[in-house]
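1. I'll drop the sequence and a predicted model, then ask my questions.
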Amino acid sequence: MRALVEIVVWWAVLTGLTVIFISSVSPVELLVAVLAALGAAVMAHRMRRVAGGRLRGGRGAPGALLALPGSVLRGLAVLVTAMVTDPAGATVRHLRLRPGADAGWAGALLAASADTCVLDVPADDEAVVHALRPGAGAVEEAVAAKGSAR
């Protein structure tokens, strides 16, 4: 039942995206979109199963996602400033992730900001980050354990 729900969700999203990207949809184009999306949905489900991917360790994710847009804008401002001036505040930090946070999604959110680069993820609960600012940003605070930056 869970597999069927996943395939239906994939199918609906892929069909919707295909129809949105076609300006005027004829019946033939709709049929092709529906069938192609169904095949892609089945393959996406099978690939996820083969890869063993599953959501885990979501602790801190909602706060990090809420902080992401502001962090991206702040990161762009810091990056532009660093390009004009000397980036003397740049630093490399080792972050211990908060318990229950997965390094995969935490690293992706940390790397989304223009002023932060994830250099390494040596363990499931640790990330090495290069930042153009000395202080932690909002996303970094949301995913890192309190007092973990070193």
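-> Everything's here; your move.

2. Show me which positions of the helix or strand bottoming out on mean pLDDT in the chain end up buried.
-> Among the helical and strand segments of the chain, the one scoring lowest on mean pLDDT, DSSP states H and E is helix 61-84, with a mean of 78. For helix 61-84, the neighbour count (16 or more other C-beta atoms under 10 Å) marks 61, 64, 67-68, 71-72, 74-75, 78-79, 82 as buried. To be clear about C-beta, it is placed using only N, CA and C from the backbone, and glycine gets the same treatment.

3. ditto for stretch 37-56
-> Buried, per 16+ other C-beta under 10 Å, within stretch 37-56: 37-38, 40-41, 44-45.

4. Now do it: everything it contacts.
-> 3, 6-8, 10-11, 14-15, 18, 102 (C-beta atoms under 8 Å, 6 or more residues apart in numbering).

5. swap the cut-off to 10 Å and go again
-> 2-4, 6-19, 61, 100-102, 104-105, 124 (C-beta atoms under 10 Å, 6 or more residues apart in numbering).

6. Wasn't V128 part of a strand?
-> Yes: per DSSP: H, G, I helix; E, B strand; the rest coil, V128 lies within a strand segment.

7. returning to that earlier point: for the least confident helix or strand of the chain, packing partners?
-> helix 103-111, strand 116-123, helix 138-143 (3 or more C-beta pairs under 10 Å, 6 or more residues apart in numbering; DSSP states H and E).

8. Adjacent strands (with direction) for the next helix or strand after it?
-> Per DSSP states H and E, the first helix or strand lying C-terminal to helix 61-84 is strand 91-96. Strand 91-96 has its sheet partners listed here by DSSP bridges as strand 126-131 (antiparallel).

9. Report the rounded mean pLDDT for the strand it pairs with.
-> For strand 126-131, mean pLDDT rounds to 87.
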